[in-house]
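>>> kindly generate the corresponding structure for this input.
(2 chains)
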Number of protein chains: 2
Amino acid sequence: MNIRTDLRPEDRTLLEGLLRATGFFNPRELRVALEVIDESLARGKKSEYRFLILEDEGKLIGYACWGPITVTLTSADLYWMAVHPASQGKGLGRTLLETAEMWMAREGHTRVYLETSTRQQYASTRTFYLRCGYEIVAELPDFYEPGDGKAVFVKMLPRIH
Amino acid sequence: MNIRTDLRPEDRTLLEGLLRATGFFNPRELRVALEVIDESLARGKKSEYRFLILEDEGKLIGYACWGPITVTLTSADLYWMAVHPASQGKGLGRTLLETAEMWMAREGHTRVYLETSTRQQYASTRTFYLRCGYEIVAELPDFYEPGDGKAVFVKMLPRIH
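Below you'll find the model as predicted:
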């Protein structure tokens, strides 16, 4: 198991397959996730998005994408996270998340925000983040579409000196 | 008084001056506002940001910037809005906002979100949005920086057929 932080052109197709395989991203979300990947590949180091690519025996099985919230002093946003269904249930999501949090903290971020749907399908997602130390700070009804609200999670990170 | 929706290269310096003149945008916000303007000028019609430029006798005295929230079905975000201090108190902010809302509704958007600081300095800003039919749907303490939280406002737009 290995996590690397360089996004490579050949990752794009694999990430699209991964996002589709989870069954948790609708066409709009898939499109935006791919736009973010394309922009990051195009802009390279200048991109404000940071990627963590989770591999097992050379095979891409998960990823996370985060970035600083540029209008804030030390808040960061976890934009996307996915682990392939065949590799779920082994604590890899937590490892990926904690690695992202360490990276955020190292860059001086003290608050992580993330958003997920309030729909029943995402109950396990919400439980996962609550178990990882996140709390729900806001719920926006019908945000994504009628009947599909947004829950905003936050976690405070320790300051690293 | 005139509102146009084409952002022009010569607007950039005027918009920077306007943002600075209000005294309501800190250096981070100013930087991000200018990045959005630059990106929109560079991408033209392909940009997802929409601008409203408020002019009086050919002079730029206000602006608003909004865009669809791409992961949602019909939600839009009002990113920036400013009226020059010398032109405030005449209802121009409300005109600008209502014009933006009409544009959003015409494009099928049914919910407008906007965010502002919970700090005392922004009490008049919050009152303005409340008077314009917005309600506070969430408050995220310390979001921008310690002691500076974020209030999230929402307003439902009528469906236009």
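>>> what packs against the lengthiest helix in chain A?
Looking only at chain A and at elements set by DSSP state H, the helix with the highest residue count is helix A:27-43. The elements that helix A:27-43 packs onto, with contact taken as 3 or more C-beta pairs under 8 Å, 6 or more residues apart in numbering or on different chains; DSSP states H and E, are helix A:11-22, strand A:59-68, strand A:75-83. Where you see a C-beta, it was placed from the backbone N, CA and C, and this is true even at glycine.
>>> for the ones you listed, give me JSON lines that also has distance to residue B:152 and mean pLDDT.
Shown next, in JSON lines, are the helices and strands packed on helix A:27-43 (distance: least, C-beta to C-beta, whole Å; pLDDT from 0 to 100):
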{"stretch": "helix A:11-22", "distance to residue B:152": "27", "mean pLDDT": "98"}
{"stretch": "strand A:59-68", "distance to residue B:152": "19", "mean pLDDT": "98"}
{"stretch": "strand A:75-83", "distance to residue B:152": "14", "mean pLDDT": "97"}
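>>> just so I know, which of the ones you listed lies nearest chain B?
When these are compared by C-beta to the nearest C-beta, strand A:75-83 sits nearest chain B, at 6.0 Å.
>>> what does that closest one contact?
By C-beta atoms under 8 Å, 6 or more residues apart in numbering or on different chains, the residues outside strand A:75-83 that reach it are A:18-19, A:22, A:24-25, A:33, A:36, A:49, A:54, A:61-69, A:92-93, A:96-97, A:100, A:104, A:107, A:109-114, B:143-144.
>>> run the angle between that strand and strand A:59-68 for me.
Relative orientation of strand A:75-83 with respect to strand A:59-68: 170 degrees, computed using axes from the mean of the first three to the mean of the last three C-alpha atoms, to 10 degrees.
>>> need the helices and strands packed on helix A:27-43 in JSON lines with mean neighbour count, can you?
Below are the helices and strands packed on helix A:27-43 laid out as JSON lines (neighbours: other C-beta atoms under 10 Å in any protein chain shown):
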{"stretch": "helix A:11-22", "mean neighbour count": "16"}
{"stretch": "strand A:59-68", "mean neighbour count": "21"}
{"stretch": "strand A:75-83", "mean neighbour count": "22"}
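>>> residues from chain A in reach of chain B?
Proximity of chain A to chain B is assessed by C-beta under 8 Å from any C-beta of the partner chain, with A:28-29, A:31-32, A:35, A:69-75, A:111, A:113, A:137-146, A:152, A:154 identified as the residues in range.
>>> looking at the helices and strands packed on helix A:27-43, spot the one closest to residue B:88.
Closest to residue B:88 of the helices and strands packed on helix A:27-43 is strand A:75-83 (C-beta to C-beta; 29.8 Å).
>>> what is the subsequent helix or strand relative to that closest one?
Tracing the chain C-terminally past strand A:75-83 and defining elements by DSSP states H and E, one meets helix A:92-106 next.
>>> buried set for that following helix?
Of the residues in helix A:92-106, those scored as buried under the neighbour-count criterion (16 or more other C-beta atoms under 10 Å in any protein chain shown) are A:92-93, A:95-97, A:100-101, A:103-105.
>>> which of those residues lies closest to chain B?
Nearest to chain B, judged by C-beta to the nearest C-beta, of the buried residues of helix A:92-106 is residue A:104 at 15.1 Å.
>>> how about the closest one: what's its closest non-neighbour residue?
Computed as C-beta to C-beta, 6 or more residues apart in numbering or on different chains, the closest residue to residue A:104 that is not its neighbour in sequence is residue A:76, at 4.6 Å.
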